[in-house]
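> Any chance you can model this:
(chains A, B, C and D)
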Number of protein chains: 2
Amino acid sequence: MFHPACPSSAMPIRVGDKWSAMVILCLEQGPRRFSELRIPLRAPTPKVLTQTLRALERDGLITRTVYAEVPARVEYELTALGHTLLELIAAGRRWAEEHMPTLLAARDAYESHNTGTG
Amino acid sequence: MFHPACPSSAMPIRVGDKWSAMVILCLEQGPRRFSELRIPLRAPTPKVLTQTLRALERDGLITRTVYAEVPARVEYELTALGHTLLELIAAGRRWAEEHMPTLLAARDAYESHNTGTG
DNA sequence: CAGCATCCAAATCGATACTG
DNA sequence: CAGTATCGATTTGGATGCTG
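Predicted structure coming up:
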């Protein structure tokens, strides 16, 4: 799903920063907890995830709900505005599925200038 | 068109780096010269523009044609692959036109927490 | 479990100066 | 005109350690 080869490595489309699009995608199927987002995203540090989450919350794309339980529980969920972004991300993924091989081939051919012939 | 308020300031959608999408947009109506890209883009330094152009060329999104004239002339033009990206960028712009006011309003409301009430 | 504070590395953007 | 080379400021992502 979010393995290093697929997304932001070569993907020419971004939504904001490096993680925003992936967070939104993770939230597509429903609310997720802080730790639940760290695993699939491979976001090693909570700081970066917090930054991303805060920025998303600031822009009204997600909501942050705190449950007063003993092990503190916080859930993040997409807003209506956040859902509209899903379509755009899907469009980006469709483009990638269709044209990324061509782009990668072109990139590979371009790199050959330095290592292959020259 | 490319005034500081519109594009990457608040725009949550990017194509690659800060300038790639704008370069592609500038090339939509036909080939453009190096200097012709610097004016509308407000890319102050040739270095940054060159980097963007090279990356785009590397990915097969644009072509670079050099004309052996006395004042050297170089033209950049969108490839077929580059054209496919136009649709995606257009989708991003449509999203921005429709939802950006909502996003900005949410952001503004969020900022009020710090300056207004607290 | 969720989040913050501090320090650090890397990428990016940018200004100045110079060449064919 | 088009592009390169060098240096600096800003931004971003990341690692470690600590708190409620």
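> A:G60 should be in a strand, yeah?
No. Using DSSP: H, G, I helix; E, B strand; the rest coil, the secondary structure at A:G60 is coil, not a strand.
> Please name the residues that touch it.
Contacts were defined as Cβ atoms under 8 Å, 6 or more residues apart in numbering or on different chains; by that measure A:G60 touches A:T79, A:L81, A:G82, B:T102, B:L103, B:A105, B:A106, B:R107, B:A109, B:Y110. Where you see a C-beta, it was placed from the backbone N, CA and C, and this is true even at glycine.
> what helix or strand does the nearest residue to it once chain neighbours are set aside sit in?
With Cβ to Cβ, 6 or more residues apart in numbering or on different chains as the criterion, A:G60 has its nearest non-adjacent residue at 2.6 Å, and that residue is B:A106. Taking DSSP states H and E as the definition, B:A106 sits inside helix B:80-112.
> is DNA strand C contacted by that helix?
No. Using Cβ under 7 Å from any atom of the strand, helix B:80-112 never reaches DNA strand C; the gap is at least 13.4 Å.
> quick one on the thing from earlier: let me see the contact set for the residue nearest to A:G60.
A:R58, A:D59, A:G60, A:L61, A:L81.
> Relative to B:R32, how far out is the third one?
Computed as Cβ to Cβ, to the nearest Å, the A:G60 to B:R32 distance reads 37 Å.
> any idea which element the closest residue to DNA strand C within chain A lies in?
Closest contact between chain A and DNA strand C, by Cβ to the nearest atom of the strand, is at A:S35 (2.9 Å). Element membership for A:S35, per DSSP H and E: helix A:34-41.
> Quick one: name the residues of chain A near DNA strand D.
So chain A meets DNA strand D at A:D17, A:K18, A:W19, A:A43, A:P44, A:T45, A:P46, A:K47, A:V48, A:Q51, A:A72 (Cβ under 7 Å from any atom of the strand).
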